[in-house]
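Engineer: Please work out how this folds:
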Amino acid sequence: NSEPFKGLHTHRQVFKGDVVGTVAADTETHPLPYVHFQIMADCLLGDKTFNNEMQLSSKRGKWLDTWTTICLQPQLLLPTILPSPSLSGPPCGTLSAEEITAMRASTLFPSLSTRFKASSPQEMVRGEGVWMYDTSGKKYLDCVGNVHHVGHSHPHVVAAEVSQASLLNTNTRYLHSARVRYAKELLELCPPKLEVVQFVCSGSEANDLALRMARTYTKRKGVIGVNMGYHGHTGSLIEISPYKHDRAGGEGPPDFFTAVPLPDTYKGEYSGEGSGEKYGDKVKEAALTLEKRGYPPAAFICETAIAVGGYIIPPEGYLKTCYKHARDHGAVCIADEVQCGIGRVGSPHFWYFELQGVVPDILTVGKPIGNGYPLAAVITTKEIAAAFNNGMEYFNTFGGNPVAMAVGRAVLQVVKQQKLADNAATTGQYLIEKFMQLKAKYSCVGDVRGHGLFAGLELVSDQATKAPNTTAATKVVQLAFEKHGVILSTDGEHDNVVKIKPPLVFARQHADMLVDCLDDVL
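Structural biologist: You can find the predicted model right below:
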């Protein structure tokens, strides 16, 4: 539609106050319209079309100063819309990947790892939708970017963040309408029982607070978790995360914690009809164990779609049985949807716990609700929240700040208006069907599982013994990245499960690219 740019033509002079374009109203087909605005100080190609997808050489830093001189920052001419960024210091991309790697080794904690240990490490400098771009302009299909829930650098989310940051960012001691509006909008997506919310900055903060609330409410300390469960990196959460305390560097579980087996119907103890209830009955045994130790359970905590444990969707009846036993023994039930919440499960659901027909006492959400901005939440009942209001104030300096609230609202708007939960359902089902075809074709694919845009392919050395094939999984991830520009990763007890949890804008054409890639590297 040329109407928004009526009156514009090449070489036209633009003066202060002139209209250079308009943004269309929301429509069914384009619910979140926006414009890209680029300024060039020199018409390099005369009247020819200029391709703004600049494919720069690997020595990008050499040419960066030239490009930034020609392509001026539009913020400088639009100060009322976007604040001018600081111009001090060198821009990103002026160091080589080798220089960055060396500086990481000398300046950052050695416990930090990089995603790929390829012979030629890449610096990622830009993202858009399901794509990430390195310094040479090469693009990569992001199949594990669940944090960027509605896509990298979504213009509606970015605009909300920049707009609020240019006005005010402060703490919750001051009234702000965005905070209560976002709380209302988020709670409307939850079961009626979950009535109040506390905003924090990360999934770890959310689960740490949920644990504190459960212990305050029950006046107990014991916790029941799931083997290979992971709930965060704080000291209190390492204690209840077997994925951390039972692996390298861990010191094992404390006496007040016990874990039940993973509800793995592929290679676990139970499979088929009734397996959910059988796995769920283990919670009763765990509760009795803790009681004998003198630590009656305060909480049962479980990821409703189990991620690092191997991308396992619990079998039918599992959480219903777990929650019954936990509550029978006086424990609070915590649903950890930090990695998987906010529509990833696919329509008609919005949360993975809904697949199990249960309602938790406490729900934690994180990563995706901020689309990369530090934002998380604890949602619970008024009864539990009232018990936590015991005179010890809970104050989180950055939790619920106005910018975070603007971002959170924008993410929900995109999920709803772009019908991303519908896309998660249809594209997720399509992916599973395609993965099943790969399983039939390649003997190293032992199991395919998932729901919505959350899936895993378990690679094995032998389909009969189901022996994990960690080497194959590692090679698949490496070749996908190096040959096809597809970003994957592994999880599971033996790191032999290739995981898929892309942004929710991941569509059928992207699914086909992923499947073609896997078909080749397998």
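
Engineer: For the rest of this, base every contact and every neighbour count on C-alpha atoms.
Structural biologist: OK.

Engineer: where exactly do the strands run in the stretch 51-200 of the chain?
Structural biologist: Applying DSSP state E, counting those that start in this stretch to the stretch 51-200 of the chain gives strands spanning 124-128, 131-134, 139-142, 196-200.

Engineer: With respect to C333, which of those strands lies nearest?
Structural biologist: Nearest to C333 among these is strand 196-200; the distance by Cα to Cα comes to 16.1 Å.

Engineer: which SSE is C517 in?
Structural biologist: helix 508-521 (DSSP states H and E).

Engineer: Would you mind pulling up the elements that that helix packs against?
Structural biologist: If contacts are counted by 3 or more Cα pairs under 8 Å, 6 or more residues apart in numbering; DSSP states H and E, helix 508-521 sits against helix 420-441, helix 470-484.

Engineer: can you put the strands of the stretch 51-200 of the chain in CSV and add mean neighbour count?
Structural biologist: Shown next, in CSV, are these (neighbours: other Cα atoms under 10 Å):
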stretch, mean neighbour count
strand 124-128, 15
strand 131-134, 19
strand 139-142, 22
strand 196-200, 21
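
Engineer: Of all those strands, which one is nearest G446?
Structural biologist: G446 sits nearest to strand 139-142 of all those, at 23.9 Å, using Cα to Cα.

Engineer: and the closest one, what does it pack onto?
Structural biologist: Counting contacts by 3+ Cα pairs under 8 Å, 6+ apart, strand 139-142 packs against strand 131-134, strand 486-487.

Engineer: closest one to I301 among these?
Structural biologist: I301 lies closest to strand 486-487 among the helices and strands packed on strand 139-142, at 30.1 Å (Cα to Cα).

Engineer: contacts for that closest one?
Structural biologist: With contacts defined as Cα atoms under 8 Å, 6 or more residues apart in numbering, strand 486-487 is touched by Y140, L141, D142, C143, V144, V477, A480, F481, L514, C517.

Engineer: all helices of the stretch 151-300 of the chain, in order?
Structural biologist: Ranges of helices within the stretch 151-300 of the chain are 155-165, 177-187, 203-218, 235-238, 242-245, 275-280, 282-293, based on DSSP state H, counting those that start in this stretch.

Engineer: out of those, nearest to A410?
Structural biologist: Closest among the helices of the stretch 151-300 of the chain, once you apply Cα to Cα, is helix 155-165, at 5.2 Å.

Engineer: Which elements pack onto that closest one?
Structural biologist: Using 3+ Cα pairs under 8 Å, 6+ apart: helix 155-165 touches helix 402-417.

Engineer: between the helix it packs on and strand 196-200, how many degrees?
Structural biologist: Taking axes from the mean of the first three to the mean of the last three Cα atoms, to 10 degrees, one finds helix 402-417 and strand 196-200 inclined to each other by 120 degrees.

Engineer: now helix 402-417: how far from the chain's centre is it?
Structural biologist: Centroid displacement of helix 402-417 relative to its chain, using Cα atoms, centre = their mean, to the nearest Å, is 15 Å.

Engineer: Please identify the buried residues of that helix?
Structural biologist: Residues of helix 402-417 classed as buried: 402-415, 417 (neighbour count, 16 or more other Cα atoms under 10 Å).

Engineer: Can you find the helix or strand of the protein with the lowest average pLDDT?
Structural biologist: Here the helix or strand of the chain ranked lowest by mean pLDDT, DSSP states H and E is helix 60-70, holding a mean of 56.

Engineer: do you know how far K501 is from V521?
Structural biologist: K501 sits at a distance of 19 Å from V521 (criterion: Cα to Cα, to the nearest Å).

Engineer: Those two: which has the busier surroundings?
Structural biologist: Taking neighbours as other Cα atoms under 10 Å, K501 and V521 compare with K501 leading, 27 against 16.

Engineer: so what's F506 up against?
Structural biologist: Each residue near F506 by Cα under 8 Å, 6+ apart is listed here: V130, N423, T427.

Engineer: Mind pulling up the pLDDT for it?
Structural biologist: On pLDDT, F506 comes in at 97.

Engineer: so where does it fall, helix or strand?
Structural biologist: Using DSSP H and E, F506 is not contained in any helix or strand.

Engineer: Fine by me, we can end here.
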